[in-house]
Structure formats: C-alpha cells, structure tokens
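# no sequence for this one, just the structure:
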C-alpha cells in the first residue's frame, strides 16, 4: 500500500519525462523496468560520450535529451549487445521498433536487428528482419538518400536477402532482388560477380 502511494506521489522526471516515456515505462513488468534501468546505468558508466548519469533516468530536469523514444531504447540495446546480452538486446530493439515514429528510424533499428541475427547465425531471424526492412524501403528511401549526401548507401538487408535466397537455391528471386535494387541505385559491392553466379 505504501509503495502504491509513493508511486502516485513521487516526482516524475529525468529522461523518462523528457521523452514522455513514463506511462509506457510503468506499463511494463517490473523485471522489464529493471532491464531498461540497468542498461541506462551501464551506459552512463561505460560510455563517456553519453550525456547522462544514472540519476537522470527518472529524476531531475532533463532538457533537450537528444534522443527520440526509439533511438533512446536503441542506444540501450546497443549497450546490451556490447555487453553480450543478446536476448536483452533483441528485446530492447523490438521495443524501440514499436515506439519508432518514422520509416527511417525503423530502418536503423531493423538494420541493427539484422546484424544481431548475423552475429547469432540465426538465419530465420536474419530473413525475418531483412524482409521487414526491405518492405519499408520505398518509405525511407528519400530520407536515407538525403542523409547520405544525395546517393543511396549500401543496405545490409538487401545484400543479405540476395545471399539468403541464393543459399536456399532460389536463384530467380535472388536475381530479381539484385536487379530491382540495382535499378533503385543501391550499390552492391559484388554486383557483377553475384549476377554472373545467378545467371550461370
């Protein structure tokens, strides 16, 4: 009872308040709240460029946090990843994906999920997250181009999906995907080599 009263009347501040995450945070299971707070504290200790200390998580006045809801959780996911806690990293990335507000943000998070799946050599998840990313391509294409000086950069999901389709023996789909993104202007470092192999 006392705990509930304290929860109602305590001052809500910090990064959670600045990013309007209090309601979302309090809707989580206590064990998940602890996970988020733990990786925030860990990042505040290990990353000298991180502008916050552990106390800034839920107390004090924080102005201009420099993150969106999704990028905030994404940076905690990276901390979990660097700490070798892959299950926590994936969970945090998926929470970030739920809170992302633009296709470009979703692309960045999905790219990290693809890389995490590659690290774990989980082919099923590699394909799942790569497909999700490529399905969003038309929605984030222009912003990605703008942020890359007017040209599209390499896209990990594209290269990976071509590889996965070829690995499965579906050369037709792999070639179609290769040519589709080539026409869009997305570079593939081994385009000619892969095309020769798929058309052999």
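Perfect, I can see it now. If you're wondering where the values come from, they're calculated on a predicted model, not measured in any experiment.
# Please count neighbours and contacts with C-alpha atoms only from this point.
OK.
# For residue 183, grab the count of nearby residues.
Residue 183 sits with 10 neighbouring residues when counted by other CA atoms under 10 Å.
# Using the three-state scheme, assign it.
helix (DSSP: H, G, I helix; E, B strand; the rest coil).
# ok, the residue nearest to the spatial centre of the chain - contacts?
Nearest to the mean C-alpha position of the chain, by CA atoms, centre = their mean, lies residue 109 at 1.8 Å. Contacts for residue 109 (CA atoms under 8 Å, 6 or more residues apart in numbering) come out as 74, 93, 96, 97.
# Equivalent analysis for residue 73, please.
So residue 73 contacts 92, 93, 95, 96 (CA under 8 Å, 6+ apart).
# ok, so of these, who is nearest residue 23?
residue 95 (14.2 Å; CA to CA).
# And the closest one, what's its pLDDT?
Note for residue 95: predicted pLDDT of 97.
# go on, the one 3 residues further on?
Each residue has a pLDDT score; the one for residue 98 is 96.
# what's the spacing between it and residue 92?
Counting by CA to CA, to the nearest Å, the separation of residue 98 from residue 92 is 10 Å.
# which of these two has more neighbours?
Counted by other CA under 10 Å, residue 98 and residue 92 do not tie: residue 92 has more neighbours, with 26 against 12.
# can you tell me the helix or strand for residue 49?
Assigned by DSSP states H and E, residue 49 belongs to no helix or strand.
# Check residue 157 too.
Per DSSP H and E: helix 156-168 holds residue 157.
# Can you point out the buried residues in that helix?
By neighbour count on 16 or more other CA atoms under 10 Å, the buried set for helix 156-168 is 156, 157, 158, 159, 160, 161, 162, 163, 164, 165, 166.
# what's that helix packed up against?
Contact analysis of helix 156-168 by 3 or more CA pairs under 8 Å, 6 or more residues apart in numbering; DSSP states H and E lists helix 103-120, helix 123-135, helix 171-184 as its packing neighbours.
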